[in-house]
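J.: Provided below for reference: sequence and predicted model.
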Amino acid sequence: VTKVAVAAIDVPDTGTIRGDIRAYLQNGREALTHLLARTIIPDLLAEAARDPDYSATIAGQIREPRRLKAAQLFERARERGEIAADADIDVALDTIGGALYWRQSVMQMDADDDYLDRLTEAILTLVAADPRSVKR
């Protein structure tokens, strides 16, 4: 599970933060619609809520490595000057992973292309020093 979960979402480098976020979300959508993921993720999370040792294992082997991978998107954007130097990357990471997971896995709603576009724009607004300055 660890091997698949950490490798499931590639960290694209399209050359822009907008393109990177949108590609990341598309990869995430595909990963979350995979039959194995849809079947096992709820069970993993339920067990983690009941067992602190298991929760720590999941955090160390899945959550943190995935979060570090996703952070690369924002670090590259910061280096390119595309996002605010003081952007709250922690909240951006929660948003890029959490919103999609919530929609698809908890609410059982489709995350179509329009939704991914709107979520991309919301994340860009979150990390931009001036939301109007984000390159289109």
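T.: Cool, the structure landed.

J.: what does the average pLDDT come to for the helix or strand Gly98 falls within?
T.: Element membership of Gly98 [criterion: DSSP states H and E] is helix 89-101. For helix 89-101, the mean pLDDT works out to 93.

J.: CA atoms of that helix as CSV?
T.: Output in CSV follows, covering the C-alpha atoms of helix 89-101 (Å, rounded to 0.1, in the frame of the first residue of the first chain):
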residue,chain,number,x,y,z
ILE,A,89,2.3,26.2,2.1
ASP,A,90,0.9,24.1,4.9
VAL,A,91,-2.6,25.3,4.2
ALA,A,92,-2.0,25.0,0.4
LEU,A,93,-1.0,21.3,0.9
ASP,A,94,-4.1,20.7,3.0
THR,A,95,-6.2,22.3,0.2
ILE,A,96,-4.6,20.6,-2.7
GLY,A,97,-5.0,17.1,-1.1
GLY,A,98,-8.0,17.6,1.1
ALA,A,99,-10.5,19.2,-1.2
LEU,A,100,-10.2,16.6,-3.8
TYR,A,101,-10.3,13.7,-1.3
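
J.: how far away is the residue nearest the centre of the chain from Gly15?
T.: For the chain, Gly97 is the residue whose C-alpha lies nearest the centre (C-alpha atoms, centre = their mean; 2.9 Å). To Gly15, Gly97 is 22 Å away according to C-beta to C-beta, to the nearest Å. For glycine as for every other residue, the C-beta is placed from the backbone atoms N, C-alpha and C.
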